[in-house]
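J.: fold the following.
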Amino acid sequence: MITRNELMSQSPDFEPLMDSHEAADALQIHFKTLERKARKGEVPATRNGKAWVFRLSLLNTWLNAQMMANLGERAVEVDEG
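T.: Numbers count the residues shown, from 1 in each chain. Here you go, the predicted structure:
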């Protein structure tokens, strides 16, 4: 079996996949919350057999978009208030 480090050394352009626990740790949320969001299509993810897998770069892009959307909502609230 190829280890993650071996894979990275063979192909530096390949970003390893993370399981639900690793991705949830990175986002600082519970893994079940992340899996629920994945099932609903709310976060970028795919199934690998029965397991959900994630790429950190896609989660980072998703999180940035969520933060920008929240900032936009707050700006509207301030303008209306």
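J.: show me what stretch 42-59 is in contact with.
T.: Stretch 42-59 has contacts (CB atoms under 8 Å, 6 or more residues apart in numbering) with 15, 17-20, 22-23, 26-27, 34-35, 37-38, 61-62. To be clear about C-beta, it is placed using only N, CA and C from the backbone, and glycine gets the same treatment.
J.: the helix or strand containing Lys32 packs against which elements?
T.: Element membership for Lys32 (DSSP states H and E) is helix 31-39. In terms of contacts (3 or more CB pairs under 8 Å, 6 or more residues apart in numbering; DSSP states H and E), helix 31-39 is packed against helix 20-27, strand 51-54.
J.: sheet partners, orientation included, of the next helix or strand after it?
T.: Next helix or strand after helix 31-39 toward the C-terminus (DSSP H and E): strand 46-48. Paired neighbours of strand 46-48 in the sheet (DSSP bridges): strand 51-54 (antiparallel).
J.: list the buried residues in the helix holding Lys32.
T.: Neighbour counts using 16 or more other CB atoms under 10 Å place Phe31, Leu34, Glu35, Lys37, Ala38 of helix 31-39 among the buried residues.
J.: check the gap between the fourth one and Asp13 for me.
T.: What it means is Lys37. To Asp13, Lys37 is 27 Å away according to CB to CB, to the nearest Å.
J.: try the third one
T.: Going from Glu35 to Asp13 by CB to CB gives 28 Å.
J.: repeat that for the second one.
T.: From Leu34 over to Asp13 the distance is 25 Å, taken as CB to CB.
J.: what residues are up against the closest residue to Phe31 other than its chain neighbours?
T.: Using CB to CB, 6 or more residues apart in numbering and skipping the chain neighbours, the partner closest in space to Phe31 is Ala24 (3.9 Å). Contact analysis of Ala24 by CB under 8 Å, 6+ apart lists His30, Phe31, Thr33, Leu34.
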